[in-house]
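Asker: I'd like to go over a predicted model; first the sequence, then the structure.
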Amino acid sequence: DAGVIQSPRHEVTEMGQEVTLRCKPISGHDYLFWYRQTMMRGLELLIYFNNNVPIDDSGMPEDRFSAKMPNASFSTLKIQPSEPRDSAVYFCASRKTGNQPQHFGDGTRLSIL
Amino acid sequence: AQKVTQAQTEISVVEKEDVTLDCVYETRDTTYYLFWYKQPPSGELVFLIRRNSFDEQNEISGRYSWNFQKSTSSFNFTITASQVVDSAVYFCALSERQETSGSRLTFGEGTQLTVNP
């Protein structure tokens, strides 16, 4: 079975550019989560969706960050404009209802120069 | 608010040694779930185990075992006869069973385990 699929695996771009990260959750999972991992702050939840609806975006750092889930099989996390402090590994995870474990994608390593 | 503490930032052992990774949690909920994830050098996060708050039975899976003690709010992870391939960062995580909060996972800071040959 395919796991959570994220793209791209690596992204290097210049400050001020728009960055779009993509995620395909595991089929049948109705929760989707976006996390950011940095050395300073560890793993932080940015936002999560239930049945394609954003439930809690309190972890989104600021208005430069936005996330969408147009359907059950696709989600994006967008940063516009990007800044060097956004450099991190961004993970997407999905799970089924019922406190089932979250399954993570391989992450996107983002570097903003 | 929920909190997970992994006091051991780094642990280094020699192959075949047993090693225990500590995890202490805080929660006001009576129903909650505890997890362990492994992050090898390649960077992905791999689910290892889930335990709910009503099941204090210890669990063993091969060389891995988990000791859950509600009295001390701990969920420790032991690797027996460690191997070089066990080298990774291990995260403990907590999820409160509150559907209104969506059962968000709170992660500990992680423990970097290095197993030397």
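Answerer: Yep, that arrived. Please read these numbers as outputs of a predicted model, since none were measured by experiment.
Asker: pLDDT score for residue 87?
Answerer: Here I'm looking at chain A. We note a pLDDT of 97 for A:Ser87 in this prediction.
Asker: The intended chain is chain B.
Answerer: 97.
Asker: need the contact list for it.
Answerer: Listed by Cβ atoms under 8 Å, 6 or more residues apart in numbering or on different chains, the contact partners of B:Ser87 are B:40-41, B:113-115. (C-beta placed from N, C-alpha, C; glycine too.)
Asker: could you redo the last one with a cut-off of 7 Å?
Answerer: The neighbours of B:Ser87, taking Cβ atoms under 7 Å, 6 or more residues apart in numbering or on different chains as the test, are B:113-115.
Asker: Equivalent analysis for A:Glu11, please.
Answerer: A:19, A:108, A:110.
Asker: can we see that at 6 Å?
Answerer: Contacts for A:Glu11 (Cβ atoms under 6 Å, 6 or more residues apart in numbering or on different chains) come out as A:Leu110.
Asker: A:Lys24 and A:Ile5 touch, don't they?
Answerer: Yes - using Cβ atoms under 6 Å, A:Lys24 is in contact with A:Ile5, at 4.3 Å.
Asker: so where's chain A shaky on pLDDT?
Answerer: A:1, A:99 (pLDDT under 70).
Asker: Could you tell me which residues of it lie near chain B?
Answerer: A:42-43, A:45, A:48, A:55-56, A:99, A:101, A:104, A:106-107 (Cβ under 6 Å from any Cβ of the partner chain).
Asker: Output the contacts of B:Ser87 in JSON lines; the columns should cover pLDDT.
Answerer: Listed next are the contacts of B:Ser87 as JSON lines, based on pLDDT from 0 to 100:
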{"residue": "B:Leu113", "pLDDT": "98"}
{"residue": "B:Thr114", "pLDDT": "98"}
{"residue": "B:Val115", "pLDDT": "97"}
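Asker: Just the ones of the residues you listed in strands?
Answerer: Of these, the ones assigned to strands by DSSP state E are B:113-115.
Asker: Of those, just say which sits nearest to B:Ser74.
Answerer: For the ones in strands among the contacts of B:Ser87, the residue nearest B:Ser74 by Cβ to Cβ is B:Leu113; the value is 17.7 Å.
Asker: Give me the pLDDT value at the residue in chain B that chain A sits nearest to.
Answerer: Residue nearest to chain A within chain B: B:Leu45 (3.9 Å; Cβ to the nearest Cβ). If you check B:Leu45, the pLDDT there is 94.
Asker: Without its sequence neighbours, what residue ends up closest to it?
Answerer: A:Phe104 (3.9 Å; Cβ to Cβ, 6 or more residues apart in numbering or on different chains).
Asker: now A:Cys23: how far from A:Ile55?
Answerer: Between A:Cys23 and A:Ile55 the computed distance is 16 Å (Cβ to Cβ, to the nearest Å).
Asker: Since that was my last question, I'll sign off now.
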